[in-house]
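A.B. asks: output the structure for:
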Amino acid sequence: MYSGCDISEYYNPILLQQQLTNRTQLHNLTKSQHRNVLPYTSNTKQDVWDALMSLDAGTPDCANTAATSPEESSSSSCNATVHLIYANTDIPAVPHGDPSNWNREHVWPKSLGVENKGPDYTDVHALRPADWSVNAARGNKYFGECGILHSLEECVIPAHVEAANDTAADPSIWMPPGNVRGDLARSLMYMALRYDGEMSDGNEELDLELSDCPTDSAFPGWDSKQLMGYLSILVKWHEEDPVDLVEQERNDQVCQMWQGNRNPFVDYPDLVETYFGPDSGYPGYDCAPTPVVGIGNSCQDLKPGDVMFTGFRSDNPDVVTMVALVDLSPSTVLYMTDNAYTGTFLRSNEGTVKFQVPLPGIKTGTTIAYGSDTNLPFANLWDGSTIALSVSGDNIFLYCKNNEQDGPSFLSGLIFTTGGWIAQNVDEQVFGTSKSALPKALEESNAHIELTTHLDNYIYTRSRIGSESKLLEFISDPSSWSGSNAADFDISEALSDFTVTKRSPCERMKPGDIMFTGFKSDNPDVITLVALENIPPSLNIYMTDNAYTGSFLRSNEGTVKFQTPSTGIQAGTTIAYGSDASNLPFANLWEGSSVALSVSGDNIFLYCEIDDGAQHFLSGLIYTTGGWIDANSDEEFFGTTKSALPNELKEASAHIEFKSHVDNSIYANERSGSKDELLMLISDSTSWSGSNSPDFDMTRALSDFALIPDKSFTSEESHVDSSPYPLPDDDSAASIKGKFRNEEMCK
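C.D. replies: You can find the predicted model right below:
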């Protein structure tokens, strides 16, 4: 349809002038060859729907022969399909535009500069088919990897229950499937080249740009309303997922059949480094310094043991090494000091240095080093007064600070003074320059190394492969370390990275992610729960009415197992246990010995098991008169109706305590709200309604909840991904009354 699209002649006008690397010339070519601006929706001409059904066609469905029109099928025996960009699967091409099928995903969100008119609005280089609900969950989130703006604990994998398994998301970030990350990165780079703020067809375009700091770029004139991120991650994805034949063919077809122009970053992948690489001079890397030391949350929810010391040399030149056992986001600031801890504060007579994690963050397993040799990994990023370790023995602490006014949040500690840690003391002079007390947080989490036999230099020498918990166990064991007093001690072994195996799905769950919402101890027993977070597929969850003694669960009562289905369970979904499998949601998925609740009072716990078999409690409930009791080493003390409360459930308020006994009760308050709001309500026993009647009605407990995003994150394009049918923001009340419009999510 459009001539001159063959790559051998398309670039001739600027290749002849050797100006392929000239941004202005390449922009002008890309814009001038954009010969057809497609209508978004049209009843008379080919539009974006038609283009996407052709460009992103999936494998024809020949098992279903109910094709009713040429649009539905390329032959009489097969139905056409489209390939969904985030779900990584095919669905029928027709129908489309309804909540039950697919819509048009703006890879560069409309609210970040594309808006609702002009050639950028219908540019199919940056439009893809997407599942309606997955598209809504993406909203206007930046492309990137978890941990940039939010804690990794907020990362959801997969990004949505209907998204591909290798996707991820947090409140601000969206990571697409691995096999299209490079494709989407190059689509965004095309948009940044093609649209530079000029007038086009009577429409004023915004200058679209890529940035590593899309919310607060330091480059003059750039505004968050025109910026898409995250640049350095997009460049990384481009390298990790190179151009393939599918992407080349799509680029050919966009030019030949639909628009007349090409994506040069698909044709010449090396241009990515030229135009957008770290050394290209592109201003997308110009970020306002964040965070300023002492302002904001430098910890990003890090906990003791998330970063651990792995080596040191006190013989000059000093070197200290450490490993990140979790991903570190670029807003994280770490402090390291050899000042002593007195039991209440850090002394200030020695050195303290500061380290800010660079963009795009530091991956789990990465080694970080401190020292004067800039060849040491990340050594050039430390600043502040130097740390000079004493060859007579010393201590080192790693910490972060939530606020300037707060004390240190300790992450790791190490001492190599003969005798190890000493008791706290109000007289700080007792500690001198080589002694220190051990912070309680590090002691309780075993996030410290105590080398009681003094040597000038030590390195960790045990396995560098394992889970976070297993590596923490190894590193904190002094027998895993080897040392010497030799001045030329070789610390090179401490500079290699670790391989931290992925946390199990259970480890990613938190207390309160699932909560009890009802129980009936009068036969037949029924128990209901609600998922307050998306629950990953194939996770084994256990429920028991065994008592917790304070150190373990007894085994004199029942325990049942529930395996989440292959699609996972969406936040807001109610799960029930009981014998009536036909009417109770998911009741058929429980297996094992039955849980028989006592009408005299009982407790229930929900937990999953970490790889080493340790129980990870998620929720608890007790309806025995008096409620929870204290821990006791005599397990017989608990009988069949009493129990202690696990600390993790107490700290998270992820439990319900009825101090006055009732046989049956259900949560009877709001079923719509944020996770935190609902958790607070559900854990409050005054939100419950109960009875001793054997015909107690549990019906209300079987309805689902509606999870609303936390009010701390608002976006015109954020939608509740637990809502099965989210509507476009730009649909008027009149247009949606009684029906859904055939339009995609507002983006």
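A.B. asks: and the residue positioned nearest the centre of the chain, how far from residue 619?
C.D. replies: Closest residue to the average C-alpha location of the chain: residue 155 at 1.8 Å, with C-alpha atoms, centre = their mean. Look at residue 155 and residue 619: by C-beta to C-beta, to the nearest Å, they are 21 Å apart. Glycine gets a C-beta too; all of them are placed from N, C-alpha and C.
A.B. asks: again, but for residue 418
C.D. replies: Look at residue 418 and residue 619: by C-beta to C-beta, they are 48 Å apart.
A.B. asks: and those two? Which one has more around it.
C.D. replies: Counted by other C-beta atoms under 10 Å, residue 418 and residue 619 do not tie: residue 619 has more neighbours, with 28 against 14.
A.B. asks: I'd say that one and residue 605 touch.
C.D. replies: Yes - contact criterion C-beta atoms under 8 Å: residue 619 and residue 605 qualify, at 7.2 Å.
A.B. asks: residue 238 contacts residue 272, doesn't it?
C.D. replies: Yes - between residue 238 and residue 272 there is a contact at 5.0 Å, judged by C-beta under 8 Å.
A.B. asks: who touches both of these two?
C.D. replies: Among the neighbours of residue 238, those also in contact with residue 272 (C-beta atoms under 8 Å, 6 or more residues apart in numbering) are 186, 189, 265.
A.B. asks: out of those residues, who's the most crowded?
C.D. replies: Across those, neighbour numbers were computed from other C-beta under 10 Å; residue 186 holds the maximum, 28 neighbours.
A.B. asks: checking it next. Helix, strand or coil?
C.D. replies: helix (DSSP: H, G, I helix; E, B strand; the rest coil).
A.B. asks: so who does it touch?
C.D. replies: Taking C-beta under 8 Å, 6+ apart, we find residue 186 in contact with 238, 243, 247, 263, 265, 266, 269, 272.
A.B. asks: recalculate using a threshold of 6 Å.
C.D. replies: Going by C-beta atoms under 6 Å, 6 or more residues apart in numbering, residue 186 touches 265, 266.
A.B. asks: same check, this time on residue 661
C.D. replies: Counting by C-beta under 6 Å, 6+ apart, residue 661 touches 601, 623, 625.
A.B. asks: hang on, residue 257 in a strand?
C.D. replies: No - counting by three-state DSSP, residue 257 falls outside a strand, being helix.
A.B. asks: from residue 38, how far off is it?
C.D. replies: Residue 257 is 11 Å from residue 38, by C-beta to C-beta.
A.B. asks: try residue 694
C.D. replies: In this structure, residue 694 and residue 38 are 66 Å apart, going by C-beta to C-beta.
A.B. asks: in the stretch 51-200 of the chain, which spans are helices?
C.D. replies: 132-138, 181-194 (DSSP state H, counting those that start in this stretch).
A.B. asks: which of those sits most buried?
C.D. replies: Comparing those by mean neighbour count (mean count of other C-beta atoms under 10 Å), helix 132-138 ranks first with a mean of 27.
A.B. asks: leaving out sequence neighbours, find the closest residue to residue 194.
C.D. replies: Take residue 194 and drop its neighbours on the chain: the residue closest to it by C-beta to C-beta, 6 or more residues apart in numbering is residue 30, 5.0 Å away.
A.B. asks: what sits up against the helix or strand encompassing that neighbour?
C.D. replies: Using DSSP states H and E, residue 30 maps to helix 23-32. By C-beta under 6 Å, 6+ apart, the surrounding residues in contact with helix 23-32 are 14, 19, 193, 194, 261, 264.
A.B. asks: next one: stretch 299-306
C.D. replies: Stretch 299-306 has contacts (C-beta under 6 Å, 6+ apart) with 151, 153, 325-326, 329, 332, 400, 402, 409-411, 441-442, 445, 447, 472.
A.B. asks: switch to 8 Å and redo it
C.D. replies: In contact with stretch 299-306 (C-beta under 8 Å, 6+ apart) are residues 147, 151-153, 324-326, 328-329, 331-332, 400-402, 409-412, 441-442, 444-447, 468, 472, 476.
A.B. asks: mind listing what's buried in stretch 160-167?
C.D. replies: By neighbour count with 16 or more other C-beta atoms under 10 Å, stretch 160-167 contains the buried residues 160, 161, 162, 163, 164, 167.
A.B. asks: show me how far it is from its chain's centre.
C.D. replies: What separates the centre of stretch 160-167 from the centre of its chain is 12 Å, taken as C-alpha atoms, centre = their mean, to the nearest Å.
A.B. asks: export it as CSV, just CAs?
C.D. replies: Output of stretch 160-167 as CSV, limited to C-alpha atoms (Å, rounded to 0.1, in the frame of the first residue of the first chain):
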residue,chain,number,x,y,z
HIS,A,160,-2.3,-9.5,37.6
VAL,A,161,-4.0,-12.9,37.8
GLU,A,162,-4.6,-12.8,34.1
ALA,A,163,-1.1,-11.5,33.2
ALA,A,164,1.9,-13.7,32.2
ASN,A,165,3.7,-15.4,35.1
ASP,A,166,6.9,-13.4,34.5
THR,A,167,5.2,-10.0,34.9
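A.B. asks: and that stretch, average pLDDT?
C.D. replies: Mean pLDDT, computed over stretch 160-167, is 93.
A.B. asks: quick one: low-confidence ranges for the stretch 151-300 of the chain?
C.D. replies: Across the stretch 151-300 of the chain, the ranges flagged by pLDDT under 70 are 199-204, 218, 288-298.
A.B. asks: hang on, the earlier thing: tell me which residues in the helix holding residue 30 are buried?
C.D. replies: For helix 23-32, burial by neighbour count (16+ other C-beta under 10 Å) applies to 26, 27, 29, 30, 31.
A.B. asks: do stretch 352-370 as well
C.D. replies: Applying a neighbour-count criterion of 16+ other C-beta under 10 Å, one finds 352-357, 359-362, 364-370 buried in stretch 352-370.
A.B. asks: end to end, how far does that stretch reach?
C.D. replies: Stretch 352-370 stretches 12 Å from its first residue to its last (C-alpha to C-alpha, to the nearest Å).
A.B. asks: then stretch 573-584?
C.D. replies: Using C-alpha to C-alpha, the end-to-end distance of stretch 573-584 comes to 12 Å.
A.B. asks: residues contacting residue 657?
C.D. replies: By C-beta under 8 Å, 6+ apart, the neighbours of residue 657 are 621, 622, 627, 628, 645, 685.
A.B. asks: what's the distance between residue 25 and residue 120?
C.D. replies: Counting by C-beta to C-beta, the separation of residue 25 from residue 120 is 20 Å.
A.B. asks: and residue 320, by the same measure?
C.D. replies: Applying C-beta to C-beta to residue 320 and residue 120 gives a distance of 50 Å.
A.B. asks: then residue 558?
C.D. replies: Remark: distance between residue 558 and residue 120 (C-beta to C-beta) = 61 Å.
A.B. asks: before we move on, the earlier item: right, and the residue nearest to the centre of the chain touches residue 146 too?
C.D. replies: Yes - the pair formed by residue 155 and residue 146 meets the contact definition of C-beta under 8 Å, at 3.6 Å.
A.B. asks: residues shared between the contacts of these two?
C.D. replies: Common contacts of residue 155 and residue 146 (C-beta under 8 Å, 6+ apart): 168, 169, 170.
A.B. asks: now the second one: closest residue in space, sequence neighbours ignored.
C.D. replies: When the adjacent residues along the chain are set aside, residue 169 lies closest to residue 159, with 3.7 Å between them (C-beta to C-beta, 6+ apart).
A.B. asks: tell me how many other residues surround that neighbour.
C.D. replies: Residue 159: 28 surrounding residues under other C-beta under 10 Å.
A.B. asks: neighbour count for residue 257 and residue 38, which is higher?
C.D. replies: More crowded of residue 257 and residue 38, by other C-beta under 10 Å: residue 38, with 21 against 18.
A.B. asks: wait, that one touches residue 52, no?
C.D. replies: No - at 10.0 Å, residue 38 does not count as touching residue 52 under the criterion of C-beta under 8 Å.
A.B. asks: what is in contact with the two at once?
C.D. replies: In contact with both residue 38 and residue 52: residue 124, using C-beta under 8 Å, 6+ apart.
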